[in-house]
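1. I need the structure of the sequence given here:
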Amino acid sequence: QVQLVESGGGLVQPGGSLRLSCAASGSISSINAMGWYRQAPGKQRELVADVTSGGTTNYADSVKGRFTISRDNAKKMVYLQMNSLQPEDTAVYYCNVAIRRSDRTSWSNYWGQGTQVTVSS
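-> Coordinates of the predicted model:
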């Protein structure tokens, strides 16, 4: 089994910061790309940022310059530092990780359970 556990969400005022964390655990052989998505009420889930195994990052235009994604391969973790948060950043944030299980040769994408981020005064 593979599990992704997110933490770090909460309520923050506009202009504030939060740091999300996602830890992968279980029978993991290899990890490839790691990313964060978000889904606001009534909207489709969208990519926020991702990072390849080599460290190349990619960001949605709406978060460039405000959010920073990073990963710790030894700990099997991915982080999202969110600064200058705005009300439009309010959403449930999900981590997504490409994992090859120890008992398989193929890769699969796994999702965390989601963590709520609310930006409001």
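2. residue ranges of the strands in this structure, please?
-> Applying DSSP state E to the chain gives strands spanning 2-7, 10-12, 18-26, 28-39, 46-51, 57-59, 67-72, 77-82, 91-101, 107-111, 115-119.
3. Could you dump those strands into CSV with mean pLDDT and mean neighbour count added?
-> The C-beta positions use only the backbone N, C-alpha and C, and glycine is treated the same way. Formatted as CSV, the entries for these read as follows, by pLDDT from 0 to 100; neighbours: other Cβ atoms under 10 Å:
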stretch, mean pLDDT, mean neighbour count
strand 2-7, 96, 16
strand 10-12, 98, 14
strand 18-26, 97, 18
strand 28-39, 97, 19
strand 46-51, 98, 19
strand 57-59, 98, 15
strand 67-72, 98, 18
strand 77-82, 98, 22
strand 91-101, 97, 21
strand 107-111, 96, 13
strand 115-119, 98, 18
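4. Can you name the residues that contact the residue nearest the centre of the chain?
-> In the chain, the C-alpha closest to the average C-alpha coordinate belongs to residue 36, at a distance of 2.7 Å (Cα atoms, centre = their mean). Applying Cβ atoms under 8 Å, 6 or more residues apart in numbering, one finds that residue 36 lies in contact with 20, 22, 47-50, 69, 78, 80, 93-96.
5. same thing but 7 Å
-> For residue 36, the contact set (Cβ atoms under 7 Å, 6 or more residues apart in numbering) comprises 20, 48, 49, 69, 80, 93, 95.
6. Please consider this matter closed, and thank you.
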